[in-house]
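Novice: Fold the stuff below for me.
(one chain, ligands or ions: 1)
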Amino acid sequence: MEPGFQLFPDQASSFAPGVDALYAFLLMIAAFFTILIFLAIVVLSLYYRRSAVRDRKQRVSAKLWILEAVWIVVPLVLTMVMFVWGAAAYFEQRVMPTNAIELTVVGKQWMWKIQHPQGRSEINELHVPLGQPVVLRMVSEDVIHSFYLPAFRVKMDVLPQRYTSLWFQATKPGRYHLFCAEYCGTEHADMSGHVIVMQPAEYAEWLAGGEEQPPVSAGEQLFTRRGCNTCHFQGDQARGPSLANLFGQPVQLADGTVVTADEAYLRESILNPAAKTVAGYQTIMPTFEGQLSEEQIFHLIEYIKSLTVVPVESGQPAPVDAPAPTVERGPS
Ligand code: CUA
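Specialist: Predicted structure coming up:
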């Protein structure tokens, strides 16, 4: 919700209570020592002021090593609590869940372009269902932006040429602020919008209102239109490696190293194919740098991901809900 001034934003995600508790702890420690030191300065300087008659002969009698130990151990314990607690909160946010809805976000001067896996896209608004983990895969078309949802206690920089991601699980229906939190030019202050948290049924209804093509099928069309399928197919004649069951798997490169086929690898291989040549293939693929929009690159990646058979809980591999991995033979 958006009332007027609030000291703290709403707690609308599963992260919010934990982040706030840590923040309160840090604030209390800082306040406690600030007040303690301030009081000590005031009280002692009044008590031992020059005109006061005090016994100044008695020196501190405690053994010095005890004092040393106290001011080593107390700060050490406090900072270790802060470190472990902070690191746990950090890793909780930085490890992406695997069962999440994955949306793509493209930032540009000065707007946020968001697309849902069913195709519906929106600008400066983000509709999400209540109680389900949502992952945002983000990239910028121009300069550095930062995607910030105060009510969810999440913020992540959005960079040109590089994917970043963040996730959250909304816990309270409503409408919350979305900000760009990195100065990015004249209209930075207007690069804002809203997150709308809906009941899952409402969200499904909202998704159905879109007319855009789902990213996977847009990617499939692009794959054919750009002629990717003339080299990337299964078979001895293929000039490029097959992309079926590639996503998330290790790839043996010509220089002997092994990399994981994640979004960053696929992006690099589309834009700069010579950077990582797969073992057994020649570096003949042309670059698509400057020829594809960020949205189109996302679509191609979504299509390549859809060609991957993911293992289900039972350990049995099962095909994902995506077009079957059709591999067309190109001219040989
Ligand atoms: Cu984008 Cu500030």
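Novice: Work out for me the element K305 sits within.
Specialist: helix 294-306 (DSSP states H and E).
Novice: Around the residue in the stretch 1-150 of the chain that the ligand sits nearest to, count how many other residues there are.
Specialist: Of all residues in the stretch 1-150 of the chain, H145 sits closest to the ligand, with a separation of 3.4 Å (C-beta to the nearest ligand atom). Every C-beta, even on glycine, is put in place using the N, C-alpha and C of the backbone. Per other C-beta atoms under 10 Å, the neighbour tally for H145 reads 32.
Novice: Could you do V70 as well?
Specialist: V70, neighbours per other C-beta under 10 Å, totals 11.
Novice: in the helix or strand that contains it, what's buried?
Specialist: According to DSSP H and E, V70 maps onto helix 64-94. Of the residues in helix 64-94, those buried under the neighbour-count criterion (16 or more other C-beta atoms under 10 Å) are 89, 93.
Novice: Check which helices and strands that helix is in contact with.
Specialist: If you count contacts as 3 or more C-beta pairs under 8 Å, 6 or more residues apart in numbering; DSSP states H and E, helix 64-94 packs onto helix 16-47.
Novice: which strands and helices sit next to the helix it packs on?
Specialist: Counting by 3+ C-beta pairs under 8 Å, 6+ apart, helix 16-47 packs on helix 64-94.
Novice: Okay, angle between the helix holding V70 and helix 16-47 too, please.
Specialist: With axes from the mean of the first three to the mean of the last three C-alpha atoms, to 10 degrees applied, the angle from helix 64-94 to helix 16-47 works out at 150 degrees.
Novice: if we can go back for a sec, now the residue of the stretch 1-150 of the chain closest to the ligand: phi and psi?
Specialist: When read as degrees, to the nearest 10, the backbone of H145 gives phi -120, psi 180.
Novice: isn't it right up against C184?
Specialist: Yes - between H145 and C184 there is a contact at 5.1 Å, judged by C-beta atoms under 8 Å.
Novice: Return every residue with contacts to both of these two.
Specialist: M191 (C-beta atoms under 8 Å, 6 or more residues apart in numbering).
Novice: what's the closest non-adjacent residue to P173?
Specialist: V197 (4.9 Å; C-beta to C-beta, 6 or more residues apart in numbering).
Novice: What of E289?
Specialist: L271 (4.7 Å).
Novice: Using PDB, list the CA coordinates for stretch 106-116.
Specialist: Coordinates of each C-alpha in stretch 106-116 appear next as PDB, following Å, rounded to 0.1, in the frame of the first residue of the first chain:
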ATOM      1  CA  VAL A 106      15.400  -4.800 -19.700                       C
ATOM      2  CA  GLY A 107      16.300  -1.400 -18.300                       C
ATOM      3  CA  LYS A 108      16.900   1.600 -20.600                       C
ATOM      4  CA  GLN A 109      17.000   5.400 -20.300                       C
ATOM      5  CA  TRP A 110      14.400   5.800 -18.800                       C
ATOM      6  CA  MET A 111      12.000   2.800 -18.300                       C
ATOM      7  CA  TRP A 112      11.700  -0.800 -17.200                       C
ATOM      8  CA  LYS A 113      10.600  -3.300 -19.800                       C
ATOM      9  CA  ILE A 114       9.400  -6.500 -18.300                       C
ATOM     10  CA  GLN A 115       8.200  -9.800 -19.900                       C
ATOM     11  CA  HIS A 116       6.400 -12.800 -18.400                       C
END
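Novice: and it, how far out from the chain's middle?
Specialist: 15 Å (C-alpha atoms, centre = their mean, to the nearest Å).
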